[in-house]
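> how does the following fold in three dimensions:
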Amino acid sequence: MSQEIDYSRHALVVTALPHNRPHRFALAPTEPERRALAADFDLSALRKLRFEGEIRSAGKRDFVLTGRLGATVVQPCVQTLEPVTTRIEADVERRYVSDWQETVQEGAETEMPEDDTAEPLASHIDPHAVMLEALALHIPDYPRAETAPPLGEMVVTEPGKTPLRDKDTKPFAALAALKGKLENGEGEV
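Got it, this is the predicted structure:
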């Protein structure tokens, strides 16, 4: 991330968080911060960015962060390079677990946990880091302008054989072909 802006000011010390009421937060980066983030995320522009929510106690030692991310990103179309503006609205949740148990052996395969919102509770909870992670996950990978021409169909087959087309792999393609034959009087029921 950018070196020129100090984002650590948003990290909250866990021992200072209240247990009897939620701690509310609202983050809205400034224009220079949004420009730096746009560069970090390889965006043409990051017009708006807001993340607000709360951190509340969950049991004696665990915490839950819930928030709402809102952003407007501008990216070049993957086909025409025209600017594509996307509005992002996403609910975000993270559970910070104090007795996190993760044993990873060197060279062993590991599976993703069923609950991908859970992570180990450290000394700080950083809503800004959560905002950046959520933004990164919701930025479109392949933005396309409405004016972009439709993508072509890829046809691959051996010489002399009938190619298998995208429409033939659809679940109801065989029924559509049968219906067409029946309507043309080519088949019997």
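
> every contact and neighbour count from this point should use C-alpha atoms.
Fine.

> output the below-cut-off pLDDT ranges for this protein.
For the chain, the stretches with pLDDT under 70 are 1-9, 101-115, 153-156, 164-168, 171, 173-174, 186-189.

> now H128: phi and psi?
Reported as degrees, to the nearest 10, the phi and psi values for H128 are phi -70, psi -40.

> that one reaches L27, doesn't it?
Yes. Counting by CA atoms under 8 Å, L27 is a contact partner of H128 at 7.3 Å.

> neighbour count: the two, which is higher?
H128 (22 against 15; other CA atoms under 10 Å).

> identify the residue nearest the more buried one in space, chain neighbours excluded?
Using CA to CA, 6 or more residues apart in numbering and skipping the chain neighbours, the partner closest in space to H128 is H10 (5.9 Å).

> state the number of residues packed around that neighbour.
Counted with other CA under 10 Å, H10 comes out at 15.

> and what of T157?
If you count neighbours by other CA under 10 Å, T157 ends up with 10.

> please apply the same query to I139.
Neighbour count for I139, taken as other CA under 10 Å: 19.

> what sits against it?
For I139, the contact set (CA atoms under 8 Å, 6 or more residues apart in numbering) comprises V73, I88.

> R144 too?
Contact analysis of R144 by CA under 8 Å, 6+ apart lists C77, V78, Q79, T80, V84.

> show me what contacts the last one?
Residues counted as contacts of V84 (CA under 8 Å, 6+ apart) are V74, Q75, P76, C77, P143, R144, A145.

> who does the helix or strand containing it pair up with?
If you go by DSSP states H and E, V84 is part of strand 83-97. Strand 83-97 has its sheet partners listed here by DSSP bridges as strand 62-76 (antiparallel), strand 118-120 (parallel).

> how about the ones you listed in a markdown table, adding distance to P163 and mean neighbour count?
Below are the strands paired with strand 83-97 laid out as a markdown table (distance: least, CA to CA, whole Å; neighbours: other CA atoms under 10 Å):
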| stretch | distance to P163 | mean neighbour count |
| --- | --- | --- |
| strand 62-76 | 34 | 20 |
| strand 118-120 | 47 | 15 |
